[in-house]
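Asks: how would this look folded up:
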Amino acid sequence: MKRGIFYAGMAGAAWGSIFLVPRLLPEFSPLALSCARYVLYGVVSLVVLLPKAHRVLPQLTRRDVVVLVKLALTGNLVFYTLLSAAIQLAGVTTASLIVGVLPVTITLAGRRDAGAVPLARLVWPLALVLTGVGCINLETFLTAGLGAASLGDRALGVLCAAVALLCWTQFATDNARYLKQSRFNSSDWSSLWGVTTGLLSALVWGLAEAFSFAGTTHLPAERWQLFWVLNAGAALLGSWFGNWMWNSATRRLPLTLGGQLIVFETLFALLYGFLYLQRLPTALELIAATLLIGGVCWTVRRHGAVHS
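Replies: Numbers count the residues shown, from 1 in each chain. I've put the predicted structure just below:
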C-alpha cells in the first residue's frame, strides 16, 4: 500500500504539470493541444511497445480493444480538450479545483465495489468538498471583471471543467476495474492505451484540419516550436510516465482509496499555477483548497477506519 501511495503521488506530480500548457499556449485551440499531446504520447508508447510487441499483441482480444478505445476517449482526448478549454476560459486555479473533486466522484462511483466505505460515513467529508467547490466558483464570478475573460467565458470554463470531471471519473472507474483482472502489466497496458490514443488523436486532428476546426493557422514559427516542445513534455511526463505510475498505484490500492489520492494532482496543479503566476492564493482560493484537501483527508481516514 505504501508503494501504491508513492506511485499515486508521482502520478499527481506529473499530471499537475499539464495544467500549465494551455495557459502557456493560449492562441492554440483546446482540440489542437489535446491532439498534439496524444499523438506524441502515441509515438512514445509505440517506441516502448515495439520491443515486446510479439509478446503483447497476440494477447489482445476484441474486448481489450473496445475498452482501450473507450479509455482513450474518456481519460485522454475528450477529457484534456475540455480541461484545456476550462483553463483558457476560467484559469488554472478554477479548473484544477473543480477537477480536484475527482476523489469524491470516484469514491461515489466505486461505492458498491469490494472494500468500499458506506456512503453514510462520507456525508460530512463530502460536504466539506462541495463547500470548497462553491468557494472557488464564487471566486470565479466575483473576479470576472478583473481580467480579460468575461463572466460568460468563465461560466463556460466552469462547465467544461465539470464535464471533464465526469469524463475522468468514468475513465478512472472503468480502468481500475478492468486493470485488476487484466492479463497485462501496468507498463504494457499504458503503452497499448497510449498507441490507441495516438491513433484516435491523429484521426481527429486530421478531420479537424480538413474542416478547418483545429484553429492552428497563421501562427509564427517560434510559437509552433514552443507548441511542440511543451506537448512533447506533456506526452512524455504527463501521459506516458503519469499513466504508468497511476496504473501501478491502481493495482495496489482499492478504488475507494486510490481515488482519494488524485488530490495529489490538484495540489501540484495549484502549486505550479501559483509559481507561474508568481502570486499567493487569494483568501477564497485558500479556503477552497483547504476545504477540498480536508474533505479528501477525512474520507481517507474514514476508509482507513473501516479497513483497520
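Asks: so what secondary structure elements neighbour the helix or strand hosting Arg301?
Replies: Assigned by DSSP states H and E, Arg301 falls within helix 283-307. Counting contacts by 3 or more Cβ pairs under 8 Å, 6 or more residues apart in numbering; DSSP states H and E, helix 283-307 is packed against helix 92-99, helix 102-109, helix 123-142, helix 255-258, helix 263-277. Placement of C-beta: from N, CA and C, glycine included.
Asks: Of all the residues in the last one, which ones are buried?
Replies: In this case it means helix 263-277. 263-270, 272-273 (16 or more other Cβ atoms under 10 Å).
Asks: starting at the chain centroid, how far to that helix?
Replies: 13 Å (Cα atoms, centre = their mean, to the nearest Å).
Asks: Now the weakest link among the helices and strands packed on helix 283-307, please, by mean pLDDT.
Replies: Mean pLDDT is lowest for helix 255-258 among the helices and strands packed on helix 283-307, at a mean of 68.
Asks: do you know how far Asp174 is from Gly206?
Replies: 27 Å (Cβ to Cβ, to the nearest Å).
Asks: okay, and the helix or strand of this structure with the least pLDDT?
Replies: Ranking every helix and strand in the chain by mean pLDDT, DSSP states H and E puts helix 255-258 at the bottom, with a mean of 68.
Asks: Show me the shaky parts of the stretch 51-200 of the chain.
Replies: 110-119, 136-137, 139-149 (pLDDT under 70).
Asks: can you give me the helices for it?
Replies: Remark: helices assigned in the stretch 51-200 of the chain by DSSP state H, counting those that start in this stretch are 53-56, 62-72, 78-90, 92-99, 102-109, 123-142, 151-180, 186-210.
Asks: just so I know, which of the helices and strands packed on helix 283-307 lies nearest Ala36?
Replies: With Cβ to Cβ, the closest approach to Ala36 among the helices and strands packed on helix 283-307 belongs to helix 92-99: 19.0 Å.
Asks: For stretch 5-21, give me every contacting residue.
Replies: The contact list for stretch 5-21 (Cβ atoms under 8 Å, 6 or more residues apart in numbering) reads 33, 37, 80, 83-84, 87, 92, 95-96, 230-231, 233-234, 237-238, 241-243, 245-246, 248-249, 252-253, 258, 261-273, 276.
Asks: Make JSON lines out of the buried residues of helix 263-277 and add distance to Leu57.
Replies: Below are the buried residues of helix 263-277 laid out as JSON lines (distance: Cβ to Cβ, whole Å):
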{"residue": "Val263", "distance to Leu57": "36"}
{"residue": "Phe264", "distance to Leu57": "33"}
{"residue": "Glu265", "distance to Leu57": "31"}
{"residue": "Thr266", "distance to Leu57": "36"}
{"residue": "Leu267", "distance to Leu57": "38"}
{"residue": "Phe268", "distance to Leu57": "35"}
{"residue": "Ala269", "distance to Leu57": "35"}
{"residue": "Leu270", "distance to Leu57": "40"}
{"residue": "Tyr272", "distance to Leu57": "37"}
{"residue": "Gly273", "distance to Leu57": "40"}
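Asks: mind checking the end-to-end distance for stretch 67-81?
Replies: 20 Å (Cα to Cα, to the nearest Å).
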